[in-house]
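J.: one predicted model, sequence on top.
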Amino acid sequence: MFRTVLVANRGEIACRVIATLREHGIRAVAVHSDADARALHVRQADAAVRIGPAEARHSYLDAEAILRAARETGAEAIHPGYGFLAESPAFARVVEQAGLAFIGPTAEQAARFGDKRAARAAAVAAGVPVVPGWEPPAGAGDDDLVRGARELGYPVIVKAALGGGGKGMEVVRGDAELLEACESGRRVAAAAFGEGSVYLERLLERPRHVEVQIFGDGRGGAVHFGERECSLQRRHQKVLEETPSVGIDEPTRAALCAAAVGLARSVSYRGAGTVEFLVASDGGFHFLEVNTRLQVEHPVTEMVTGVDLVWLQLEVSAHRRLPIAQEQIVRRGHAVEVRVYAEDPAHDFLPQAGGLARVVWPRGPFVRVDAGVESGSEVAVHYDPILAKVVGWGPDREAALGRLARALDETVIHGTRTNLDFLRAVARDAGVRAGQIDTVYLEREFLPAYLARTADEAPPLVLAAAAVAEALAAEGPGASGTEPGATGGRGAPYADPFERLGRWRLPGITP
């Protein structure tokens, strides 16, 4: 096993990886930009190295700076977390060329599954059903795009060939929208992923988004840890994830997991990955993509299986073997996760930044918090504004959702706006609790009602301040420090607490 591992990331995922490293006595090295010099992940690590200024392209995306930090600290392996360079084939390649272990799939696998077109081809070769699609041939013109969309049948989705996170995706329902959506998709893809290719897929109306957690040993062996339901999304970004899925039956579950493992074995997949599917209303499922990294929502799988997936990543990377067989993976109960962001739901979920004056995370039984901030932390403008993930476990789905809702009620974050109130409402929504969800449920049914309600509501802190101001005004200037006996604008006398309380004494004190 490795003695020193460098974590090439920041925030909650860096803290999460460092926790496993320290539990097993492995020296953890953090890297940080100038903006993160005093960040939580830096303080939790055994050593930390500055890798550049605040901008990610000059720090967390600077492969040479990260390799230099690894050499300086004697690291034997690099864990990329998720985001930044986690799915970069070039980074995986230079790490291993430098004689270090990349804790993830091979560069070739990252390249294959990072290109959605190549991933579709791999799925077809493995016998996994895919969503019908059309890829523009070299030199394709506007007429070709229109012909391809018509062959598929509207509505279609324009998708960026590389990358993820919903970037470069747009639903098109007719010829008039198609060319503009393709041009927009190319621009977004080029800016986000450095390559502007797009392709078309038929839109499945109101599907569920279900993914399967896989692990491969890199030699043809693979297992799965069951599926996760990720249908509750906003603009293709996941809001709430859970396991097991509430919307599929056992035969479908078995078929999904078998398809995912079959795909992993067909390419001798190495390490952690997620095979994602769209499940239609008739129960049929279609391959969507493969994420070649540890997922943001991996804690729900850990909660129901009792397996530390980060430790499993380390085991596979160090020894090229899976230390667990399929029959040893047993799932118990239900787990639900939400992502806490510094963002303003009332203003189109605009990201927020600033200092966090007070942070209180819930501590109840069977509640887990993966946090990257604490009281006094700064939320920088340069990075994704995720603050933490809150997870609730229960013997069944109803209990898990109830525990999650209570945990969110106990969470306190002062200093910047967050999506906490939005998440509390999602966890208690009748449709969510009934499991009547799909990938557009939040935008179609939940958000309009939620935003209409919150538009007329003042934030809780504003209401509290108003209540204090009202009380002070009622009791007059004397309430804020003037002499007893003074009267306020409403003629109310100064409120002397000793007069109001009457006769009283401290407990245990004999008069």
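T.: Cool, the structure landed. Numbering: from 1, shown residues only.
J.: please, where are all the strands along the stretch 201-350 of the chain?
T.: Under the criterion DSSP state E, counting those that start in this stretch, the stretch 201-350 of the chain carries strands at the ranges 208-217, 222-234, 237-243, 270-279, 285-291, 334-341, 343-344, 350-351.
J.: one more: the stretch 401-511 of the chain?
T.: 412-414.
J.: where does it dip in pLDDT?
T.: Confidence mapping of the stretch 401-511 of the chain against pLDDT under 70 gives the ranges 456-467, 469-511.
J.: spatially central residue in this structure, please.
T.: Among the residues of the chain, V296 comes closest to the average C-alpha position under Cα atoms, centre = their mean, at 4.2 Å.
J.: from E180, how far out is that one?
T.: 31 Å (Cβ to Cβ, to the nearest Å). The way it works is simple: take the backbone N, C-alpha and C, and place the C-beta from them, glycine included.
J.: next, count neighbours for the nearest residue to the residue nearest to the centre of the chain once chain neighbours are set aside.
T.: Distance criterion Cβ to Cβ, 6 or more residues apart in numbering; nearest residue to V296, sequence neighbours excluded, is Y82 at 6.0 Å. The local packing of Y82 (other Cβ atoms under 10 Å) involves 15 other residues.
J.: residue contacts, Y82?
T.: Residues in contact with Y82 (Cβ atoms under 8 Å, 6 or more residues apart in numbering) are 9, 13, 293-296.
J.: just I66 next, same as before
T.: Counting by Cβ under 8 Å, 6+ apart, I66 touches 6, 8, 31, 51, 60, 78, 85.
J.: helix or strand: which one has it?
T.: helix 63-73 (DSSP states H and E).
J.: and that helix, which residues are buried?
T.: For helix 63-73, burial by neighbour count (16 or more other Cβ atoms under 10 Å) applies to 63, 65-67, 69-70, 73.
J.: so after that helix, what's the next helix or strand?
T.: In N-to-C order, the element after helix 63-73 by DSSP H and E is strand 77-79.
J.: which elements pack onto that following strand?
T.: strand 4-7, strand 101-102, helix 309-319 (3 or more Cβ pairs under 8 Å, 6 or more residues apart in numbering; DSSP states H and E).
J.: quick check: which of those is buried the most?
T.: The highest mean neighbour count among these, using mean count of other Cβ atoms under 10 Å, belongs to strand 4-7: a mean of 26.
J.: give me the distance from that strand to the chain's centre.
T.: The chain centroid and the centroid of strand 4-7 are separated by 22 Å, computed with Cα atoms, centre = their mean, to the nearest Å.
J.: and for stretch 444-459?
T.: Taking Cα atoms, centre = their mean, one finds the center of stretch 444-459 at 23 Å from the center of the full chain.
J.: what about stretch 343-353, start to end distance?
T.: Start-to-end span of stretch 343-353 (Cα to Cα, to the nearest Å) is 8 Å.
J.: tell me where the model's unsure across the stretch 101-250 of the chain.
T.: Ranges of the stretch 101-250 of the chain meeting pLDDT under 70: 163-166.
J.: can you do 50?
T.: Within the stretch 101-250 of the chain, no stretch has pLDDT under 50.
J.: show me where it has its helices.
T.: Along the stretch 101-250 of the chain, counting by DSSP state H, counting those that start in this stretch, helices occupy 107-114, 116-125, 142-152, 175-193, 250-266.
J.: pretty sure G355 contacts G415?
T.: Yes - if you go by Cβ atoms under 8 Å, G355 and G415 touch, sitting 5.2 Å apart.
J.: so for those two, which residue has more residues nearby?
T.: More neighbours surround G415 than the other of G355 and G415, with 19 against 12 (other Cβ under 10 Å).
J.: got the contact list for that one?
T.: 354-358.
J.: now the two most distant members of those residues.
T.: Pairwise distances across the contacts of G415 peak at 12.8 Å for G354 and R358 (criterion: Cβ to Cβ).
J.: list the contacts of M303.
T.: Residues in contact with M303 (Cβ under 8 Å, 6+ apart) are 333, 335, 368, 391, 393.
J.: do P155 as well
T.: For P155, the contact set (Cβ under 8 Å, 6+ apart) comprises 171-173, 202-203, 205.
J.: export those residues to JSON lines and tack on distance to V95 and neighbour count?
T.: Below are the contacts of P155 laid out as JSON lines (distance: Cβ to Cβ, whole Å; neighbours: other Cβ atoms under 10 Å):
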{"residue": "V171", "distance to V95": "38", "neighbour count": "13"}
{"residue": "V172", "distance to V95": "39", "neighbour count": "21"}
{"residue": "R173", "distance to V95": "44", "neighbour count": "11"}
{"residue": "R202", "distance to V95": "38", "neighbour count": "18"}
{"residue": "L203", "distance to V95": "38", "neighbour count": "18"}
{"residue": "E205", "distance to V95": "42", "neighbour count": "11"}
